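Novice: give me a model of this one.
(one chain, ligands or ions: 1)
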Amino acid sequence: MKIIQTIKELQAELSIQKAAGKKIGLVPTMGALHAGHASLVERSVAENEVTVVSIFVNPTQFNDKNDLAKYPRTLEADCQLLQSVGASIAFAPSVDEVYPEPDTRSFSYAPLDTVMEGAFRPGHFNGVCQIVSKLFDMVQPHRAYFGEKDFQQLAIIREMVRQMDYPLEIVGCPIVREADGLAMSSRNTRLSQEERTTALNISRILFESQEYAKSHTLVETKTFVEEGIAAVDGLRLEYYEVVDDRTLQAVRAWDEAEGVVGCITVFCGEVRLIDNIRYV
Ligand code: PAF
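Specialist: Residues are numbered from 1 along each chain as shown. Sure thing, here's the model as predicted:
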């Protein structure tokens, strides 16, 4: 596996591969890699001859400076994991390499980006679209892989690709969970042992709500989750929305949309965790 830090070197390497007719898969990440990322890379390795994994903690998508400063950075371990799952290139550029000047472009995919994370983290999705579009331009992959844990992000990236006519396929990959159910996240490493135990209640309540939903209305199920989280010491609910999986707008009845997903954001201590669950 090659570790590349500049766009010039990346593009020189990729032009050789593309000239040889090889398909390129891109897995954008912010590092601190775990088994969830590994599953995206494995999927890309299975479907493309060359897999590029970007490792870049993108400053423009952090609306909270503290969160950016505390974001885990583990490049050496990341490269070992990528090597073990067969990635071809780890692309780990500096902030100056990616943003030699401020990116003033704005992306707006209302109403997809005005709800949930978009409402609680102003500017977040603009930053995500800035970096993802830059990576698409730099790598020009045939396929790009994103996790369904960031359900809203995936929907917005699909919309950006559609509106900007990027000639690539977006592949959404299922959430990977720890053996006990907690959704894998780079942020989990910031949880103390006690918080880790507390955080487990998030996925527990979501799974229980899936059962509950079979014999209750959507509104009752939403309350079930909200009250369940409120009853756990150490968890603070930011939002729980039950949405149409295409428009991301809140629905009030199970038959209001073809697909219905519950999206949750919870603070466990200072750590902000997200998860989601499909009902329909
Ligand atoms: O999901 C993430 O890790 C990031 O938002 C992404 C897509 C790598 C862009 O920085």
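Novice: and the stretch 1-150 of the chain, which residues reach the ligand?
Specialist: If contacts are counted using Cβ under 6 Å from any ligand atom, the residues of the stretch 1-150 of the chain sitting beside the ligand are 28-30, 58, 61, 128, 131-132, 150. All C-beta atoms are positioned from the backbone trio N, CA, C, and that covers glycine.
Novice: take these and keep only those in strands.
Specialist: When strands are assigned by DSSP state E, the members of those inside them are 28-29.
Novice: run through the strands of the protein in chain order.
Specialist: According to DSSP E, the chain carries its strands in the segments 2-4, 24-29, 50-55, 89-91, 143-147, 169-173, 235-244, 260-268, 271-278.
Novice: let's have those in a markdown table, adding distance to residue 195.
Specialist: Written out in a markdown table, the entries for the strands of the chain read as follows (distance: least, Cβ to Cβ, whole Å):
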| stretch | distance to residue 195 |
| --- | --- |
| strand 2-4 | 33 |
| strand 24-29 | 24 |
| strand 50-55 | 26 |
| strand 89-91 | 30 |
| strand 143-147 | 22 |
| strand 169-173 | 27 |
| strand 235-244 | 9 |
| strand 260-268 | 5 |
| strand 271-278 | 7 |
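Novice: could I get those as JSON lines with mean neighbour count?
Specialist: Rendered in JSON lines, the data for these read as follows (neighbours: other Cβ atoms under 10 Å):
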{"stretch": "strand 2-4", "mean neighbour count": "15"}
{"stretch": "strand 24-29", "mean neighbour count": "26"}
{"stretch": "strand 50-55", "mean neighbour count": "26"}
{"stretch": "strand 89-91", "mean neighbour count": "25"}
{"stretch": "strand 143-147", "mean neighbour count": "22"}
{"stretch": "strand 169-173", "mean neighbour count": "16"}
{"stretch": "strand 235-244", "mean neighbour count": "19"}
{"stretch": "strand 260-268", "mean neighbour count": "21"}
{"stretch": "strand 271-278", "mean neighbour count": "20"}
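Novice: export the ones you listed to CSV and tack on mean pLDDT and distance to residue 44?
Specialist: Below are those laid out as CSV (pLDDT from 0 to 100; distance: least, Cβ to Cβ, whole Å):
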stretch, mean pLDDT, distance to residue 44
strand 2-4, 98, 16
strand 24-29, 99, 3
strand 50-55, 99, 4
strand 89-91, 98, 11
strand 143-147, 99, 5
strand 169-173, 98, 8
strand 235-244, 98, 28
strand 260-268, 98, 24
strand 271-278, 97, 22
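Novice: how close does the residue lying closest to residue 212 once chain neighbours are set aside get to residue 233?
Specialist: Taking Cβ to Cβ, 6 or more residues apart in numbering as the measure, residue 212 lies nearest to residue 224, with 5.2 Å between them; neighbours along the chain are not counted. Taking Cβ to Cβ, to the nearest Å as the measure, residue 224 falls 19 Å from residue 233.
Novice: and the residue of the stretch 51-200 of the chain nearest the ligand?
Specialist: Across the stretch 51-200 of the chain, the shortest distance to the ligand (Cβ to the nearest ligand atom) belongs to residue 58, at 4.0 Å.
Novice: just to check, that residue is in contact with residue 125?
Specialist: No - counting by Cβ atoms under 8 Å, residue 58 stays clear of residue 125, with 11.8 Å between them.
Novice: more neighbours, the two?
Specialist: Looking at residue 58 and residue 125 with other Cβ atoms under 10 Å, you find the greater number of neighbours at residue 125, namely 24 against 21.
Novice: was I right about that one contacting residue 113?
Specialist: Yes - counting by Cβ under 8 Å, residue 125 touches residue 113, with 4.4 Å between them.
Novice: now for the two: what residues contact both?
Specialist: Here residue 125 and residue 113 have 107, 152, 156 as joint contacts, going by Cβ atoms under 8 Å, 6 or more residues apart in numbering.
Novice: export those to TSV and tack on pLDDT and neighbour count?
Specialist: Below are the shared contacts of residue 125 and residue 113 laid out as TSV (pLDDT from 0 to 100; neighbours: other Cβ atoms under 10 Å):
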residue	pLDDT	neighbour count
107	98	18
152	98	23
156	98	24
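Novice: turn those into TSV, including distance to residue 92.
Specialist: Output for those, formatted as TSV (distance: Cβ to Cβ, whole Å):
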residue	distance to residue 92
107	24
152	26
156	24
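Novice: so which of the residues you listed sit within helices?
Specialist: Residues from the shared contacts of residue 125 and residue 113 lying in helices, with DSSP state H as the criterion: 152, 156.
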